[in-house]
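S.K.: Here's a sequence, model it:
(chains A, B and C)
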Amino acid sequence: MSINQNIPNVAEKPNEAPMTKQAAALAVEAKREDIIVEEGKTVGLPYSDNPKFKLRNVEVFYGEDRAIKDISLDIARNEVISFIGPSGCGKSTFLRCLNRMNDSIDICRVKGQLMLDDVDIYHSKRDVVELRARIGMVFQKPNPFPKSIYDNVAYGPRIHGLANRKSDLDEIVENSLRKAGLWNEVKDRLDATATGMSGGQQQRLCIARAIAVSPEVILMDEPCSALDPIATAKVEELIAEMSESYTIVIVTHSMQQAARVSHRTAYFHLGHLVEVNETDKVFTSPEHELTESYITGRFG
Amino acid sequence: MQTANLLPLILVLALVAYGLAYMRSRAVAAPLGGIRNLKALPFYYAARASLWCGIPALIVLAAWVGFEGRVIQGIVLATLPPELIPTSPGQASLTLSQISNVAAGKLNPDFVPEGIAGAASLLETLRSNSATFKTVLVLLIAVLGGTFAWFRVMPQVNARVSVEATLRRIFFVCAAVAVLTTVGIVFSVILETIRFFGKVSFVDFFFGANWSPQTALRADQVGADGSFGMIPLFTGTLLISAIALLVAVPVGLLSAIYLSEYANKKVRAIAKPLLEMLSGVPTVVYGFFAALTVAPFIRDLAETIGLEASSQSALAAGLVMGIMIIPFVSSLSDDVINAVPQTLRDGSLALGATQSETMKNVIFPAALPGIMGGILLAASRAIGETMIVVMAAGLAANLTANPLETVTTVTVQIATLLVGDQEFDSAKTLAAFALGLMLFIVTLILNVIALKIVRKYREQYD
Amino acid sequence: MTDQRSQAEIVRQSLKRRYRKERRFRLYGMTAIVIALASLFILFADIIGKGYTGFIKTTITLEVTLDSEAMYLDDPTDADQRSMADFNAPIINALSDLIPGVENRAAQRELSRLVGSYGASQIRDMLRANPELLNTTQTMTFLAHDRVSVYVKHADNPNYSIRLSEQQQAWVDELVEKGVIETSFNDVLFSSGDSREPSNAGILGAVVGSLLTMVVTLVIAFPVGVAAAIYLEEFAPQNRFTDFIEVNINNLAAVPSIIFGLLGLAVFIGLFGMPRSVPVVGGLVLALMTLPTIIISSRAAIKSVPPSIREAAEGIGASKMQVVLHHVLPLAMPGMLTGSIIGMAQALGETAPLLLIGMVAFIVEIPDGFFSSATVLPVQVYLWATSAEQGFIELASAGIMILLTFLISMNALAIWLRKRLERRW
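M.R.: Residues are numbered from 1 along each chain as shown, chains lettered A, B, ... in the order given. As a prediction, this is how the structure comes out:
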């Protein structure tokens, strides 16, 4: 009966996942004690003249745990910026601060100044619904609603009352699907359920669903991690096309992807923002030692 | 010897067999160079011996106890003088109880016919003989079994394999008890139902709009004139169940939604167990509450607004039954709502939907099949519920849709027809079994469909 | 860009309406919770409000003179004399002494009805046991008549109708004033079986009956349930019969309990000729009813034992049975126990199937074995709740409180066990 009596009761801690990830990352850090990250110090080009997002001294806590440590960053209008870094470095957490998706986690607190078009995102009077209507999001795993393809895309415009007539709605749906490069594939089966599509199609449907609300910003949380290479290529193509009309923030695990799609790249490490720079610069001549170790594959 | 005393005796014998076989296995092993030269540990030889000793004896004992009563009754009845031999099963049970009362000394033998007194003494003799035989036989089997296993303690025999195989068979039999129970239910109700339809026509039962089984009590007129139309019972059951679901479904569903989507941790930690408490309250308590508090309250309330309400209204029973199944609906809905993946919720919220829009447009449609399954289970529960309706719904078989009137249900009728003294074989008694069969079939269908839907739903999101 | 701007405007305009809807929806949810919890609260408050008086008894303490002439009794050891004697006389005399002016016989009889109907037999039994007390004066405490008890306890309660005459009410008031009529803790409730008289009725018989029935249920359902769960989880081959058993168990768990009563009536009583009203049959029926619950929870407990444990044992060369009995079963036991306690709690509260197998009989004696006639707690509550006498209502509520106490303790035990013993992997 005494087997495993010492196993701690982890199930009682809801914040278990970030903790263990962090623990793993800490192990990496222990090996590389020689490199010190100075808090609040980001090398490269973190600021912009024409910022869509102005983020200053952002800190995120999970209970007692500091997951994001004093990050300051600008995200420019109509730019594509990638967040890269080892798992557990806080890049997804940081992304989810931008449209307040962290709100639904009880123990999560966000400090600092986060401005969208010079208006505070976390202001107590700020309306999340309106905010999220302006900031679309695409998730790691394709998550179409178990409805028809049409209803998936029409969902956003419907709840926000963006279309007065059926024909308006049809138009929005068609445009969004076209923009997502999906129109030709699904125009004959708009009434089919979305869950029957392939993974790549589902993810592009989710993108179409996001742009149907005409957001200004699109956040993408590892949008290709669940897709095969061909589907990934299609989504990346799409991102490139969309960069003309939207500000896109993309979290990715794949450095190649970051290199392919983004204008700027931000490297995160253990909740710190270590380096931000032109993508080419980051991948060819990183300024910070940690960034270099990461992109040369010494850890990650 | 009493069965209650035989059981521990068999246990003791089995332990003795265990000890002896254990010692023997060590003794056998000693010249071979220790127990490692045995095919199995001494424990297994010993365990096998106690199994051999105990199990056959227990099986014989169970069979004996199970059929002893019937066999003895049969012999006693068969040896009665011809003028006393009963002609109907009802009479037989009367005669038998008379005989056993004489035998037990509750009835003075001088007051009964001589044949009965003789039968009573025969009964006594048979009983004591049976007890002796039983004791001797069972103990003999136990000793024989134990001895056999004792002789079989041999180094080349792998006792572990046979012990494990036996255990496995025992486990199988235990699992099969569930099937036996179902078979038992089906056979017991079907046999009586067939006899019922020998007395009452199919059409009358299923399509008759009049239920008054009491008239069947009149002798030599059984069934023919008693009305056994189940339609009023059926509609009564439906009316009360519908009221119950009307209460339980919205309240249960909305509670589940509130608790899973809106309530903070503290509220959830308090409200959830309290809700579950509602399902732990025995039905008799709800029956008491319905009959003595809710029903008078509804009657008074109806009177103040100028309506006429019976003191045993369908509404009272239905309302309280609804309260009873709230936790049923809420916990099942809670399960299925939580099974909807978080990614769908995030997808909708990220589009700027409010929580209620997400709930109504995304989560609820996704969870709907599961919720439907839960509602079907709740309906089956409402239909089969007995105590609340027995205490609060009354006996009058009215064909009405007015919730303020008295109605009766299938379960109420089963309970009333079978409680108290009853003649076996009268249409009245048999009718209860026919109703039982209907109830079993209806709830079975509901359960099968519901379980299928719920399972399919779970698989969808696994 | 203009498109985005104008759309943002549309969204902003719709917000007010949408938040109103949101609030309304939230309100519905809150209302539902409040309704459910209020029902629970009202239910408990109602039962406690009706039942706490069940724990109070009303007694009349009198100085009775056991006058042999008044009772027409010379020799209390003589059964014939006892059967003819008037044991009511001392009570009447004692009461008449306390309330002067009650002269005529009818009024005296009215007066004597303040004492419960077992008052006379109380004197009789005492004299039979102690014949030397004849012609002495004794202080005796009698249970008051049900009507007196109702009057004393519920004079202001509109739900009770007072069935005492004006005259009797005045007497009772006077006796209460004098301290002759008193209320105290109802020990009768805990020390006796059922009775026709509410004042004399107790719950002990039903508690013992429930206990005996539960023992039978536990002894059958627990081992069989655990064995069945082990078979299905560990040994059952993947075939149709196994599927059939599984479907069967799931369905049995949802079969209405009254059907199990039909099974018990037809099989145990009809086919095997077992006696009615006895704990053995009740226990068997409840065991069959509880079995699915125990099997389902035991299977869940077995499933939660991680495969690594099994693999470790198998790797050492343990046989399948040894793996199960030495490793899986001990680790799954807390979960099995928890499920079984919850199943037993269900069985303890079950009424309907027991009605059909005759456990509703009126039984005064406290059952002394598995084959003696008995009733159980919930059935006793049912019997009292459907009795005509008003005094039984408060007893039924008191019985419910006792039943709920048992159930809540069992569930608390299960929760404690789960917290204490269950480990998470």
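
S.K.: wait, does the helix or strand of chain B with the lowest mean pLDDT make contact with chain C?
M.R.: Lowest mean confidence among the helices and strands of chain B (mean pLDDT, DSSP states H and E): helix B:89-103, at a mean of 75. No: contact between helix B:89-103 and chain C is absent, the nearest approach being 9.5 Å (criterion: Cβ under 8 Å from any Cβ of the partner chain). (Each C-beta comes from the backbone N, C-alpha and C, glycine too.)

S.K.: For the stretch 151-300 of chain B, what lies in contact range of chain A?
M.R.: B:N264, B:K265.

S.K.: For the stretch 151-300 of chain B, which residue gets nearest to chain A?
M.R.: Nearest to chain A in the stretch 151-300 of chain B, going by Cβ to the nearest Cβ, is B:K265, at a distance of 6.6 Å.

S.K.: Which helix or which strand is home to the residue nearest to that residue when sequence neighbours are not counted?
M.R.: In this structure, B:K265 finds its nearest non-sequential neighbour in A:D106, 6.6 Å apart by Cβ to Cβ, 6 or more residues apart in numbering or on different chains. Element membership for A:D106, per DSSP states H and E: none, as it lies in no helix or strand.

S.K.: any idea how far A:D106 is from B:S255?
M.R.: Distance, A:D106 to B:S255, by Cβ to Cβ, to the nearest Å: 20 Å.

S.K.: more neighbours, those two?
M.R.: Taking other Cβ atoms under 10 Å in any protein chain shown, A:D106 and B:S255 do not tie; B:S255 has more neighbours (31 against 11).

S.K.: The host helix or strand of that one close to chain C?
M.R.: Element membership for B:S255 (DSSP H and E) is helix B:231-257. Yes: Helix B:231-257 reaches chain C (Cβ under 8 Å from any Cβ) through B:P250, B:V251, B:G252, B:L253, B:L254, B:S255, B:I257.

S.K.: any idea what sits nearest the first one, other than its immediate chain neighbours?
M.R.: Closest residue to B:P250 apart from its sequence neighbours, by Cβ to Cβ, 6+ apart: C:A32 at 6.8 Å.

S.K.: Can you spell out which helices and strands pack onto the strand or helix carrying that neighbour?
M.R.: According to DSSP H and E, C:A32 maps onto helix C:2-51. Here helix C:2-51 touches helix A:128-134, helix A:149-160, helix B:231-257, helix B:265-280, helix B:283-289, helix B:314-339, helix B:355-358, helix C:391-421, going by 3 or more Cβ pairs under 8 Å, 6 or more residues apart in numbering or on different chains; DSSP states H and E.

S.K.: any idea of the mean pLDDT for the shortest one?
M.R.: Think helix B:355-358. For helix B:355-358, the mean per-residue pLDDT is 91.

S.K.: quick one: pLDDT of the residue of the stretch 201-350 of chain C found nearest chain A?
M.R.: Closest residue of the stretch 201-350 of chain C to chain A, Cβ to the nearest Cβ: C:P330 (6.0 Å). With respect to pLDDT, C:P330 has a value of 89.

S.K.: mind listing what's buried in whichever strand or helix holds it?
M.R.: Per DSSP H and E, C:P330 falls inside helix C:329-348. For helix C:329-348, burial by neighbour count (16 or more other Cβ atoms under 10 Å in any protein chain shown) applies to C:329, C:331-348.

S.K.: These: which ones sit near chain B?
M.R.: C:A345, C:L348.

S.K.: Tell me, how many residues neighbour A:E237?
M.R.: A:E237, neighbours per other Cβ under 10 Å, totals 13.

S.K.: can you check C:E103 too?
M.R.: 8.

S.K.: for B:A393, same thing?
M.R.: Around B:A393 there are 31 residues (other Cβ under 10 Å).

S.K.: and the most centrally placed residue in chain A, backbone torsions?
M.R.: By Cα atoms, centre = their mean, chain A has its centre lying nearest to A:D221, at 3.3 Å. Dihedral pair for A:D221: phi -100, psi 100, per degrees, to the nearest 10.

S.K.: beta partners for it?
M.R.: A:V251 (DSSP bridges).

S.K.: Does the helix or strand hosting C:T290 reach chain B?
M.R.: Using DSSP H and E, C:T290 falls within helix C:279-303. Yes: applying Cβ under 8 Å from any Cβ, one finds helix C:279-303 in contact with chain B at C:L288, C:L291, C:P292, C:I295.

S.K.: So which of those residues wins on neighbours?
M.R.: C:I295 (34 neighbours).

S.K.: show me what contacts the closest residue to chain C within the stretch 251-400 of chain B?
M.R.: Closest residue of the stretch 251-400 of chain B to chain C, Cβ to the nearest Cβ: B:G384 (2.4 Å). When contacts are counted by Cβ atoms under 8 Å, 6 or more residues apart in numbering or on different chains, B:G384 touches B:T411, B:L439, B:T443, C:V255, C:P256, C:S257, C:I258, C:I259.

S.K.: Surely A:E278 is in contact with A:H263?
M.R.: Yes: in this structure A:E278 lies within contact range of A:H263 using Cβ atoms under 8 Å: 7.1 Å.

S.K.: re earlier: pull up the gap between the residue nearest to the centre of chain A and chain C, please.
M.R.: For A:D221, the distance to chain C (Cβ to the nearest Cβ, to the nearest Å) stands at 22 Å.

S.K.: Quick one: the strands in chain A, in order.
M.R.: A:43-44, A:51-62, A:65-76, A:80-84, A:108-116, A:119-120, A:135-138, A:217-221, A:247-251, A:264-269, A:272-278 (DSSP state E).

S.K.: Let's have the ones you listed in a markdown table, adding mean pLDDT.
M.R.: Output for these, formatted as a markdown table (pLDDT from 0 to 100):
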| stretch | mean pLDDT |
| --- | --- |
| strand A:43-44 | 84 |
| strand A:51-62 | 91 |
| strand A:65-76 | 90 |
| strand A:80-84 | 93 |
| strand A:108-116 | 90 |
| strand A:119-120 | 88 |
| strand A:135-138 | 90 |
| strand A:217-221 | 92 |
| strand A:247-251 | 94 |
| strand A:264-269 | 92 |
| strand A:272-278 | 91 |
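
S.K.: Show me which strand runs longest in chain C.
M.R.: Taking DSSP E as the criterion, chain C has its longest strand at strand C:56-65.
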